[in-house]
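Student: Predicted model follows, preceded by the sequence.
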Amino acid sequence: MFQLAFTACSFPAIVSYALAANEDLRVYTDELNKFEISIPQDWQLGAGEPNGFKSITAFYPQEASSSSVSVVITGLGPDFTRMESFGKVEAFADTLVSGLDRSWRRPPGVAAKLIDCKASKGFYYIEYTLQNPGESRKHLFSAIGMASNGWYNRLYTVTGQFVEEESEKYGSNIEKAVASFRFI
């Protein structure tokens, strides 16, 4: 359910919304789902058809790449009223990443490693890596937050990802995009 994203040295004091002024980024506004995010200027938009309690919007480069930023929105039950309903950020991040790790299997599967996590202004920010045996390491940054549409609470999972080889080309803008996500 939670495929997340966040990468870099550490979280930059949660990049301010001034990122929209960055020449490399443009602001995408989703009026229906009430969010904004700054994404690379030349990236394309892809959106899935909403089906009840789920919605997905993705952004990706024009050229062939493994890099992307996605916003997945899922409905939540009434007992989930704030992010702390999932537990503290450290426990949440550890459960998420350890649930993805299959490096202990024989033969080994995907290796997942938690790099950093933090809670700020109602969001959980998680940075981790995934690596299948014999493949490039993927860096993921995620911002996870909750908002109501007036009828029910919704979980917003923003995930940016790139492979190690594309770090210089996409890493900084993906990290900025994920950090720029906000509710409107």
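Tutor: Great, that's in hand. Values in this document were obtained by computation on a predicted structure and should not be read as measured data. Numbering: from 1, shown residues only.

Student: So what touches the longest helix along the chain?
Tutor: In the chain, assigned by DSSP state H, the helix with the most residues is helix 89-100. Helix 89-100 is contacted by residues 2, 4, 83, 86-87, 110, 112-114, 117-119, 124-126, 128, 130 when judged by C-beta atoms under 8 Å, 6 or more residues apart in numbering. For the C-beta atoms, the positions are set from N, CA and C on the backbone; glycine is no exception.

Student: now the residues you listed: which count as buried?
Tutor: Buried residues within those, defined by neighbour count using 16 or more other C-beta atoms under 10 Å: 2, 4, 83, 86, 112, 114, 117-119, 124-126, 128, 130.

Student: Specify which member of the residues you listed is nearest to residue 154.
Tutor: Set against residue 154, the nearest of the buried ones among the contacts of helix 89-100 by C-beta to C-beta is residue 83 (12.4 Å).

Student: Now do the same contact list for that closest one.
Tutor: Contacts of residue 83 by C-beta under 8 Å, 6+ apart are 89, 92, 119, 122-124, 144-146.

Student: So which of these are in helices?
Tutor: 89, 92.

Student: Could you export the contacts of residue 83 as CSV, including distance to residue 55 and pLDDT?
Tutor: Formatted as CSV, the contacts of residue 83 follow (distance: C-beta to C-beta, whole Å; pLDDT from 0 to 100):
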residue, distance to residue 55, pLDDT
89, 24, 97
92, 22, 97
119, 24, 97
122, 20, 93
123, 18, 97
124, 19, 98
144, 15, 97
145, 14, 97
146, 14, 95
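
Student: that older thread, off-centre distance for the longest helix of the chain?
Tutor: Chain-centre distance of helix 89-100: 14 Å, with C-alpha atoms, centre = their mean, to the nearest Å.
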